[in-house]
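[1] Please find the sequence and the predicted model below.
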Amino acid sequence: MALTWHNQDMQELEAREGRTYYFRASEYQFDKSRQWIEAAPTATWKRFSPFSFYRPPGEVGPTRGPHIELLNLIHSLSEKRDEDDKRLEAFANKYGLLGTFHEWWSAPMLPDGKLWVAPDAKITRRGELKQPNPKKEGIELLENVLRHQMSAPADWRLNRDLVAMPSELTFAYKRNLLPGRPDASGHEHHPVPLPWEEVRGQWGARMIMDSHTSRRTAVLCTREQTASWLFELPNQQRILRRMMSDKAALASYLNTRLLGVSPYLVEGEDGQLERAWRCTTLVQAIHMMLYLDLTGGATIKTCASRGCQNYFRSNNPRRIYCSTNPCANRASTRLSRGQEP
């Protein structure tokens, strides 16, 4: 059995990470009864980088990106729940879940004496989410990965006493040491732990096999409560207000939200090393894009065309419309008729 798992999964587990940061399902759906956005039962999974939609200021490319689309999503939300639900679902299908669990809660905390966690899920080369028994197949898969990475002999065996089951895991809520003064080492943890069963129930969490992590397993959330989105989204509006008026407050906010983001080198298509960023959640990537815009000379503006009010980014101080066509043309026509643009 162990050899079979090794042959089927090692190629997928050892695939180059490149510019990828988190797993995204191929399809998400909104569950009205439970008020959450979740991966469809038939969805496939693969690593995804929201930075594939982003271009640094000054480079030829789209003037929008996930961070701008999120701001426009916030702007478009109304009290018409059905329409809002469709907008949230569409955003998730394009970029994935926000990653609120990883934003608010710590990495898994293991019982004393445990070094590893047996996975209760794996993503196959076809992107299928499988759920092996962690006490048997999960330990065998972890053992195969460690044997391969350590170049251990074929008869090497993992000490089962060092392996925790997912049910033994707990998590700590992240809280800042001081508001606006984030500790560079990370967030202080709240002393009251959250048990695995609550994480599994609220976020549809699984411990997936992920050879890129230090423990070779990672938490994969298959759903998020819309309430967590509606809590997180207004933060982006506050960013813009600070951007307009209080640069010090904006810097403090972004410094707090960028904890955990780190530089990352990747090999480009031409064989040269390129700069990238390691982000574990979409929220982190969005804040990193805002950081890159603000320090790269780009300005985020609201379209001046009456009836539009969409956000857009530009490094041209004279640009006031989100698009040449139709907003700029519409404004030009209105001005020629003596109307407000």
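    Nice, thanks for sending it over.
[2] CA atoms for contacts and neighbours, from now on please.
    OK.
[3] Now the strand ranked longest in the chain: average pLDDT?
    Secondary structure of the chain per DSSP state E: the longest strand is strand 188-195. For strand 188-195, the mean per-residue pLDDT is 85.
[4] which outside residues touch that strand?
    Strand 188-195 has contacts (CA atoms under 8 Å, 6 or more residues apart in numbering) with Ser106, Ser167, Glu168, Leu169, Thr170, Phe171, Ala172, Tyr173, Lys174, Arg175, Asn176, Leu177.
[5] Stretch 297-307 too?
    Contacts with stretch 297-307, where a contact means CA under 8 Å, 6+ apart, come from 57, 293, 309-317, 320-322, 327-328, 330-331, 340-341.
[6] By neighbour count, sort out the buried ones in those.
    57, 293, 309-314, 320-322, 327-328, 331, 341 (16 or more other CA atoms under 10 Å).
[7] Closest one of these to Thr217?
    Asp293 (33.4 Å; CA to CA).
[8] Just the CA coordinates for the host helix or strand of the closest one, please, in CSV.
    Using DSSP states H and E, Asp293 sits in helix 282-295. Output of helix 282-295 as CSV, limited to C-alpha atoms (Å, rounded to 0.1, in the frame of the first residue of the first chain):
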residue,chain,number,x,y,z
LEU,A,282,-5.9,36.0,-0.6
VAL,A,283,-6.2,38.7,2.0
GLN,A,284,-2.5,38.8,2.5
ALA,A,285,-2.0,39.0,-1.3
ILE,A,286,-4.5,41.8,-1.6
HIS,A,287,-2.7,43.8,1.1
MET,A,288,0.6,43.1,-0.6
MET,A,289,-0.7,44.5,-3.8
LEU,A,290,-1.8,47.6,-2.1
TYR,A,291,1.6,47.9,-0.6
LEU,A,292,3.3,47.5,-4.0
ASP,A,293,0.9,50.1,-5.5
LEU,A,294,1.5,52.7,-2.7
THR,A,295,5.3,52.3,-2.8
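[9] So Tyr253, which state does it fall into?
    helix (DSSP: H, G, I helix; E, B strand; the rest coil).
[10] just to revisit the earlier point, please name the strands paired to the longest strand of the chain in the sheet, noting orientation.
    strand 170-175 (antiparallel) (DSSP bridges).
[11] Buried residues in the partner strand, which are they?
    Buried, per 16+ other CA under 10 Å, within strand 170-175: Thr170, Phe171, Ala172, Tyr173, Lys174, Arg175.
[12] what's the answer for stretch 104-123, then?
    Quick answer for stretch 104-123 (16+ other CA under 10 Å): Trp105, Ser106, Pro108, Leu110, Trp116, Val117, Ala118, Pro119, Asp120, Ala121, Lys122, Ile123.
[13] my guess is Val145 meets His212, correct?
    No: using CA atoms under 8 Å, Val145 is not in contact with His212, being 10.6 Å away.
[14] who's more crowded, the two?
    Val145 (22 against 14; other CA atoms under 10 Å).
[15] quick revisit: now tabulate the buried residues of stretch 104-123 in JSON lines and tack on pLDDT, secondary structure and distance to Ile300.
    Shown next, in JSON lines, are the buried residues of stretch 104-123 (pLDDT from 0 to 100; DSSP: H, G, I helix; E, B strand; the rest coil; distance: CA to CA, whole Å):
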{"residue": "Trp105", "pLDDT": "92", "secondary structure": "strand", "distance to Ile300": "30"}
{"residue": "Ser106", "pLDDT": "90", "secondary structure": "coil", "distance to Ile300": "32"}
{"residue": "Pro108", "pLDDT": "95", "secondary structure": "coil", "distance to Ile300": "37"}
{"residue": "Leu110", "pLDDT": "96", "secondary structure": "coil", "distance to Ile300": "43"}
{"residue": "Trp116", "pLDDT": "97", "secondary structure": "strand", "distance to Ile300": "44"}
{"residue": "Val117", "pLDDT": "97", "secondary structure": "strand", "distance to Ile300": "43"}
{"residue": "Ala118", "pLDDT": "97", "secondary structure": "coil", "distance to Ile300": "45"}
{"residue": "Pro119", "pLDDT": "97", "secondary structure": "coil", "distance to Ile300": "42"}
{"residue": "Asp120", "pLDDT": "97", "secondary structure": "coil", "distance to Ile300": "43"}
{"residue": "Ala121", "pLDDT": "97", "secondary structure": "strand", "distance to Ile300": "41"}
{"residue": "Lys122", "pLDDT": "95", "secondary structure": "strand", "distance to Ile300": "40"}
{"residue": "Ile123", "pLDDT": "95", "secondary structure": "strand", "distance to Ile300": "38"}
